[in-house]
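[1] Sequence first, then the predicted structure:
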Amino acid sequence: MLYVLIGLLNGIVVGTSRTVYGRLSSHVGPFNASVWAHLVGLAFVTLLILVSGQPLYYPLTVAPPAAYLGGFFGALFVVVSSYVFPRLGAVKAALFVISGQMITAVIFDWIVSGKGPTILTSIGVILVVSAIYLSGMFRKRRLEGKP
């Protein structure tokens, strides 16, 4: 149960950070917002490492080279989110992010396990993608003044 609560808290943090940096992006642009996101994040993580007593440095050889691509994908996510969130709104942008994560997770699980998605997993993905479509449809109708 603790991990479920931590996961939910993490979702709150991600949603909040995307909204905050989306707003910053509208003032300074997505690339500058991304730079600030990473500088503040680097300072925070460095502080956590120092407080925890963990070593601040590991040789680059401790992990395979592909493992370091996470930094690239993280930076790309921040830049794209900073650009997209103010234009789509927090709910729709978050649904797109969650949909992409779900679809990618299903594909990776399929590749790693060799087993296709279960019916419940498939239904979950379909429901989230449908929510995005319906959200866009209702927003368009509302903007057109239709009930």
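    Nice, I can see it. Numbering: from 1, shown residues only.

[2] So for the closest residue to S17 other than its chain neighbours, what's the pLDDT?
    With CB to CB, 6 or more residues apart in numbering as the criterion, S17 has its nearest non-adjacent residue at 7.4 Å, and that residue is A37. In this view, the C-beta of every residue, glycine as well, is placed from N, C-alpha and C. On pLDDT, A37 comes in at 86.

[3] In which helix or strand does A37 reside?
    Assigned by DSSP states H and E, A37 belongs to helix 30-52.

[4] Who are the packing partners of that helix?
    With contacts taken as 3 or more CB pairs under 8 Å, 6 or more residues apart in numbering; DSSP states H and E, helix 30-52 sits against helix 2-28, helix 69-88.

[5] about what we covered before: measure the residue nearest to S17 to A43 for me?
    Using CB to CB, to the nearest Å, A37 is found at 11 Å from A43.

[6] Would you mind giving the domain segments of the chain?
    As recorded under automatic domain parsing, the domains making up the chain are 1-88, 90-147.

[7] Now do the last one, average pLDDT.
    Read it as domain 90-147. Averaging pLDDT along domain 90-147 gives 83.

[8] Ok, stretch 40-57 next?
    Rounded mean pLDDT across stretch 40-57 is 91.

[9] If we go by neighbour counts, what in it is buried?
    Residues of stretch 40-57 include none that count as buried (16 or more other CB atoms under 10 Å).

[10] returning to that earlier point: now the helices and strands packed on helix 30-52 as JSON lines including distance to L60 and mean neighbour count?
    Output for the helices and strands packed on helix 30-52, formatted as JSON lines (distance: least, CB to CB, whole Å; neighbours: other CB atoms under 10 Å):
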{"stretch": "helix 2-28", "distance to L60": "27", "mean neighbour count": "14"}
{"stretch": "helix 69-88", "distance to L60": "12", "mean neighbour count": "16"}
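
[11] could I get those helices as JSON lines with distance to I123?
    Below are the helices and strands packed on helix 30-52 laid out as JSON lines (distance: least, CB to CB, whole Å):
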{"stretch": "helix 2-28", "distance to I123": "21"}
{"stretch": "helix 69-88", "distance to I123": "25"}
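
[12] contacting residues for the residue nearest to S17?
    S17, Y21, V78, S82 (CB atoms under 8 Å, 6 or more residues apart in numbering).
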